[in-house]
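Q: missing the sequence, but the structure's below:
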């Protein structure tokens, strides 16, 4: 038993180290849930965050339901929140800051203060049996979330109760995961504060918009990378950086005068020329390329308005001055001259802009947006990426539900 415990402890310590390398909040939550399931051999699970007196579902995984998904498909689950109540399993754990292990949720003793709602099982066709639900407690002793693991399995894949001997290991994991979540939350908060500063200048640059563009972008990158069978670790590492970079794609708009940036109608040609400078102004804000993230951020800020057919901007310019490079054509970059990450953000940004209300237009109908993207395939957009975007459209729509515009 001691030997097994030491092996499991070493495994969790290694996971701790890997979690501390992840910077993006959403990607970190997915990884925490996946690692917790691996440690306990759980088939499914969810993470909830505590927001005041409410519990909000943030991510969910279910191996059984995921087996039936098409290539590049992802589990679609409802986003919801509900008051923290000791009558539910997750609510009881959040309210009492104590873990709860249940052998069979359909046979909870009547005297127990909590119960199990079978609504999800009925809708999905899944059957929940055993659960292990843990509080995520901050270093100031506040419950910031709940981790729920569902249906432990033995080596033959049969559903069994969770192992009581695993509890101290999983509690250690949950403690380390909570510290990583707090750090990632701080990073996300700093990013959104930067974007809110830009939003004081540009009403379009909302937290919901940039969160959607960031999420669309990593989903599209992941589909592209899987087509090329890139290693899973490489994909995860790139997604972690790319998510934050994509959120900052329009940061250069802080350099654009208000009379142009906030104009409700169409821009005059000379005004549009000024607006176009936000690309290289954004690249300047990102500074010198001292890391992979810096290089990616500069590329995305500078090139996300380039078009596949070469009709975009800013083209062959000096990013420090915005002046045309001597001896180069005065055209936009074309095809694969445009960096991959900029080509991806271009699609994500245009899709979200068309699907959203703006001061100068109403949101388009979904079929109109899809028609426009397909019309611009091979013109404005990379044809392969458009095909992949259409393939993952259910996931894209799921992201929209996760980050709705605030009224």
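A: Structure received. Quick caveat, the model's predicted, so the values are computed rather than measured. Residues are numbered from 1 along each chain as shown.
Q: pLDDT below threshold where in the stretch 151-300 of the chain?
A: Applying pLDDT under 70 to the stretch 151-300 of the chain picks out residues 197-206, 289-290.
Q: any chance you could map the strands in it?
A: Here the stretch 151-300 of the chain has its strands, by DSSP state E, counting those that start in this stretch, at 159-160.
Q: correct me, but residue 383 touches residue 377?
A: Yes. Here residue 383 lies in contact with residue 377, judged by Cβ atoms under 8 Å, at a distance of 5.0 Å. Backbone N, C-alpha and C define where each C-beta goes, glycine included.
Q: the two: which is more packed in?
A: residue 377 (18 against 13; other Cβ atoms under 10 Å).
Q: just checking, that one touches residue 388?
A: No. Contact between residue 377 and residue 388 fails when scored by Cβ under 8 Å: they sit 11.3 Å apart.
Q: overlap of the contact sets of those two?
A: Here residue 377 and residue 388 share no contacting residue, scored by Cβ atoms under 8 Å, 6 or more residues apart in numbering.
Q: would you map out the domains in this structure?
A: Annotated domains of the chain cover 2-183, 202-402 [automatic domain parsing].
Q: for residue 192, find the nearest of those domains.
A: Closest to residue 192 of the domains of the chain, according to Cβ to Cβ: domain 202-402, at 5.1 Å.
Q: for that closest one, what is the distance to the chain centroid?
A: Distance, stretch centre to chain centre, for domain 202-402: 16 Å (Cα atoms, centre = their mean, to the nearest Å).
Q: for stretch 158-166, same thing?
A: With Cα atoms, centre = their mean as the basis, stretch 158-166 stands 31 Å off its chain's centre.
Q: contacts for it, please.
A: Outside of stretch 158-166, the residues within contact range by Cβ under 8 Å, 6+ apart are 1, 5, 8, 39-40, 42-43, 101, 103-104, 129-132, 149, 151-154.
Q: among those, which ones are buried?
A: Restricting these to buried positions leaves 8, 39-40, 42-43, 101, 129-132, 149, 151-153, with burial counted as 16 or more other Cβ atoms under 10 Å.
Q: what's the farthest-apart pair in the residues you listed?
A: Based on Cβ to Cβ, the longest span within the buried ones among the contacts of stretch 158-166 runs between 8 and 129 and measures 23.0 Å.
Q: and the gap between the closest residue to residue 30 other than its chain neighbours and residue 33?
A: Leaving aside its sequence neighbours, residue 30 sits nearest to residue 59 (Cβ to Cβ, 6 or more residues apart in numbering; 5.4 Å). Separation of residue 59 from residue 33 (Cβ to Cβ, to the nearest Å) stands at 6 Å.
Q: how near is residue 347 to residue 246?
A: Where residue 246 is concerned, residue 347 sits at a distance of 11 Å (Cβ to Cβ).
Q: isn't residue 378 up against residue 311?
A: No. Using Cβ under 8 Å, residue 378 is not in contact with residue 311, being 11.9 Å away.
Q: how about the helices in the stretch 201-350 of the chain?
A: Using DSSP state H, counting those that start in this stretch, the helices of the stretch 201-350 of the chain run over residues 207-227, 232-247, 258-261, 269-275, 278-286, 292-303, 340-355.
Q: can I get those helices in a markdown table including distance to residue 182 and mean neighbour count?
A: Formatted as a markdown table, the helices of the stretch 201-350 of the chain follow (distance: least, Cβ to Cβ, whole Å; neighbours: other Cβ atoms under 10 Å):
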| stretch | distance to residue 182 | mean neighbour count |
| --- | --- | --- |
| helix 207-227 | 19 | 22 |
| helix 232-247 | 17 | 20 |
| helix 258-261 | 35 | 14 |
| helix 269-275 | 38 | 12 |
| helix 278-286 | 26 | 22 |
| helix 292-303 | 21 | 22 |
| helix 340-355 | 28 | 23 |
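Q: which one of those lies nearest to residue 25?
A: Taking Cβ to Cβ, helix 232-247 is the member of the helices of the stretch 201-350 of the chain nearest to residue 25, at 8.8 Å.
Q: which of the residues in stretch 164-181 are buried?
A: For stretch 164-181, the neighbour count (16+ other Cβ under 10 Å) marks 166, 169, 170, 172, 173, 174, 176, 177, 178, 180, 181 as buried.
Q: looking at those residues, which is nearest residue 267?
A: Among these, residue 181 lies closest to residue 267 (Cβ to Cβ), at 42.2 Å.
Q: got a list of what that closest one touches?
A: Residues counted as contacts of residue 181 (Cβ under 8 Å, 6+ apart) are 25, 28, 29, 32, 136, 144, 145.
Q: out of these, which one sits closest to residue 358?
A: Closest to residue 358, out of all of the contacts of residue 181 and judged by Cβ to Cβ, is residue 25, at 27.0 Å.
Q: now do the same contact list for the closest one.
A: Residues counted as contacts of residue 25 (Cβ under 8 Å, 6+ apart) are 181, 184, 185, 187, 188.
Q: identify each buried residue in stretch 183-190, please.
A: The neighbour-count check on stretch 183-190 (16+ other Cβ under 10 Å) flags 183, 184, 188 as buried.
Q: I'd like those as CSV, with distance to residue 112 appended.
A: Below are the buried residues of stretch 183-190 laid out as CSV (distance: Cβ to Cβ, whole Å):
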residue, distance to residue 112
183, 36
184, 34
188, 37
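Q: ok, residue 125 to residue 45 distance?
A: 18 Å.
Q: and these two? Which one has more around it.
A: Using other Cβ under 10 Å, the more surrounded residue of residue 125 and residue 45 is residue 45, with 24 against 8.
Q: host element of that one?
A: Element membership for residue 45 (DSSP states H and E) is strand 42-51.
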